[in-house]
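Visitor: Need coordinates for the following:
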Amino acid sequence: MNTAKLSKGDQVTLSDGSLAEVLGIAKDNGTVSVRYVDSMDNPEIPPGTVADVQAEEVIALYEGTHSEGAT
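Guide: Purely as a prediction, here's the structure:
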């Protein structure tokens, strides 16, 4: 997904199915800082975890029951 379309506070779907909130976007190295909201029952990533993920892992902007992605 094009990270230029993201803003701080947006909720996004990640490639592993997790739901995350955008905390910031690093323009220079292509990473997005996120806080996991729902990690799809992955015990290794509890909700609330903050992490930097590669931009390629962000697949869609979450808009409730509808997502806008790269398709």
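
Visitor: burial of N42, as a residue count?
Guide: Counted with other CB atoms under 10 Å, the neighbours of N42 add up to 14. Using the backbone N, CA and C atoms, a C-beta is placed for each residue, glycine as well.

Visitor: cool, N29 as well?
Guide: For N29, using other CB under 10 Å, the count is 8.

Visitor: Please report how far it lies from E44.
Guide: Distance of N29 to E44, given as CB to CB, to the nearest Å: 24 Å.

Visitor: again, but for A4
Guide: Separation of A4 from E44 (CB to CB) stands at 30 Å.

Visitor: Also G17?
Guide: Distance, G17 to E44, by CB to CB: 14 Å.

Visitor: got any ranges where the protein has weak pLDDT?
Guide: 65-71 (pLDDT under 70).

Visitor: wait, doesn't T13 sit right on A60?
Guide: Yes: contact status for T13 versus A60: in contact at 4.4 Å, counting by CB atoms under 8 Å.

Visitor: Phi, psi for P46 please.
Guide: Dihedral angles of P46 (phi, psi; degrees, to the nearest 10) stand at phi -70, psi 150.

Visitor: if you skip the residues just before and after it, what's nearest to it?
Guide: Once flanking residues are discounted, P46 sits nearest to S39: 6.8 Å by CB to CB, 6 or more residues apart in numbering.

Visitor: got the contact list for that neighbour?
Guide: Contacts here follow CB atoms under 8 Å, 6 or more residues apart in numbering; on that basis S39 touches 16, 18, 45-47, 49.

Visitor: neighbour-wise, which of these leads?
Guide: When neighbours are counted by other CB under 10 Å, S18 leads the contacts of S39 with 21 neighbours.

Visitor: my guess is that one meets N42, correct?
Guide: Yes: the pair S18 / N42 is scored as a contact, 7.2 Å apart, by CB under 8 Å.
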